[in-house]
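> sequence-free structure coming up:
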């Protein structure tokens, strides 16, 4: 695989968080295994096994047949997050309908085509409540990581994406809530049995409800009516109608069904 190093943002290259990788069979599954520049297996939680970009690239140049490419490790607390849209591109390298909303929302930050040529990896600034392993979406999947995982890198910039990492903390939280809502068997407010939703949980609860309703193709007017009712009758400190409308609008363009 060719690495287009000149396209990788300085925001990433200046960090000593690089590894090498190659595909290896683990049981019945082919897995991308990380390696350090010394040739030993690397760990995504041990900085001693990582290297600078230059050192990792030099190690690959010395043994080009041993590795498939370079990877970047996400570290807890450094403010960087990666979104992996797997199998999201069609034969013309255009985003499939389910991924278009995410690509549009993050269009001002760095994204590149994955080694398979069928996915997109997005790098941005922002924090997550927790890592989110693969969530199936139609014929693809979405993963979001901010620590203890690594992304393979190609430098194949996706359709003129900027070579910089932009702040998307709010968008990451909305996307996280949207993707996790469908996996929950109950909404957070249900066990309260008519009690109040604590102030610190109101926003995430309302987003979760909106995401679940949208996934079931409920119209905007009905989602807004539902959120307004929950806001008025169950939120410890009800928000303004405009704040509730913003939540409905924020979940409108994700494109994930």
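All right, it came through fine. Here the structure is a predicted model, which means the values were calculated and not measured.
> show me the residue at the heart of this protein, geometrically.
Among the residues of the chain, the one closest to the centroid is residue 83, at 2.4 Å (C-alpha atoms, centre = their mean).
> so that one is in which element?
Secondary structure from DSSP states H and E places residue 83 in strand 80-86.
> so in that sheet, which strands flank that strand, and in what orientation?
As defined by DSSP bridges, the strand partners of strand 80-86 come to strand 120-125 (antiparallel), strand 140-145 (antiparallel).
> buried sites along the helix or strand where residue 246 lies?
If you go by DSSP H and E, residue 246 is part of helix 241-250. Using 16 or more other C-beta atoms under 10 Å as the test for burial, helix 241-250 gives 244, 247-248, 250. From N, CA and C alone the C-beta is placed, and that goes for glycine too.
> quick check: closest non-adjacent residue to residue 55.
Excluding the flanking residues, the one nearest residue 55 by C-beta to C-beta, 6 or more residues apart in numbering is residue 37, at 4.9 Å.
> for residue 77, that is, sorry about that
residue 147 (7.6 Å).
> by mean pLDDT, which helix or strand of the chain comes out lowest?
Scoring the helices and strands of the chain by mean pLDDT, DSSP states H and E places helix 202-215 at the bottom, with a mean of 80.
> name the helices or strands packed onto that one?
Judged by 3 or more C-beta pairs under 8 Å, 6 or more residues apart in numbering; DSSP states H and E, the packing partners of helix 202-215 are helix 169-181, helix 220-234, helix 241-250.
> compare those and give me the one nearest residue 55.
Closest approach to residue 55 among the helices and strands packed on helix 202-215 (C-beta to C-beta): helix 169-181, 30.3 Å.
> list of residues touching the closest one?
Applying C-beta atoms under 8 Å, 6 or more residues apart in numbering, the contact partners of helix 169-181 are 81, 83, 102, 105-106, 124-129, 132, 135, 137, 142, 144, 204, 207-209, 211-212, 214-215, 250-251, 254, 256.
> buried ones among those?
81, 83, 102, 105-106, 124-128, 132, 135, 137, 142, 144, 204, 207-209, 211-212, 214-215, 250-251, 254, 256.
> that older thread, quick check: of the buried residues of helix 241-250, which lies closest to residue 164?
residue 250 (23.5 Å).
> residues touching that closest one, list them.
Counting by C-beta under 8 Å, 6+ apart, residue 250 makes contact with 170, 174, 207.
> ends of stretch 4-19, what's the gap?
Using C-alpha to C-alpha, to the nearest Å, the end-to-end distance of stretch 4-19 comes to 16 Å.
> oh sorry, the question was meant for stretch 56-71
Distance across stretch 56-71, first residue to last, is 9 Å (C-alpha to C-alpha).
> what are the buried residues along it?
For stretch 56-71, the neighbour count (16+ other C-beta under 10 Å) marks 56-57, 59-60, 67-71 as buried.
> same check on stretch 46-58?
Across stretch 46-58, burial judged by 16+ other C-beta under 10 Å covers 49-51, 53, 56-57.
> in helices, which of these appear?
Among the buried residues of stretch 46-58, the members falling in helices (DSSP state H) are 53, 56-57.
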